[in-house]
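Trainee: give me coordinates for this.
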Amino acid sequence: MDGSGVIFPSVVWVFSDSVTLTASGYVSHGAPPEGKKIMSEYGGTPTSGLLQISFYY
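Mentor: Residues are numbered from 1 along each chain as shown. Purely as a prediction, here's the structure:
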């Protein structure tokens, strides 16, 4: 085990019965790559985010 991992926080706002907004992130931790050598499973993964609007009918 290399000690790396991912945290995936998420928040959902419900505006009405037909509209929701979801905000989530992807935060990895671990040793970054050294040159072309991978040092951990998630250390080279970038932090990213997502906004999703859902409409229901």
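
Trainee: tell me which element the closest residue to Trp13 other than its chain neighbours is part of?
Mentor: Nearest non-adjacent residue to Trp13, counting by CB to CB, 6 or more residues apart in numbering: Leu21, 4.6 Å away. C-beta: built from backbone N, CA, C; applies to glycine. For Leu21, the host element (DSSP states H and E) is strand 19-29.

Trainee: for that strand, what is the average pLDDT?
Mentor: For strand 19-29, mean pLDDT is 97.

Trainee: what's in contact with the helix or strand just after it?
Mentor: Heading C-terminal from strand 19-29, the first helix or strand you meet, by DSSP H and E, is strand 48-55. With CB atoms under 8 Å, 6 or more residues apart in numbering as the test, strand 48-55 has contacts from 18-26.

Trainee: cool, and stretch 3-18?
Mentor: For stretch 3-18, contacts defined as CB under 8 Å, 6+ apart pick out 20-31, 40-43, 45, 55-57.

Trainee: show me what counts as buried in it.
Mentor: Within stretch 3-18, the residues that count as buried by 16 or more other CB atoms under 10 Å are Ser4.

Trainee: between the two ends of it, what distance do you get?
Mentor: 41 Å (CA to CA, to the nearest Å).

Trainee: so what pLDDT did Thr45 get?
Mentor: For Thr45, the predicted pLDDT is 93.

Trainee: contact partners for it?
Mentor: Counted by CB under 8 Å, 6+ apart, Thr45 has contacts 6, 26, 28.

Trainee: please report how far the residue nearest the centre of the chain lies from Pro46.
Mentor: Nearest to the geometric centre of the chain sits Tyr26, at 1.5 Å (CA atoms, centre = their mean). Here Tyr26 is placed at a distance of 8 Å from Pro46 (CB to CB, to the nearest Å).
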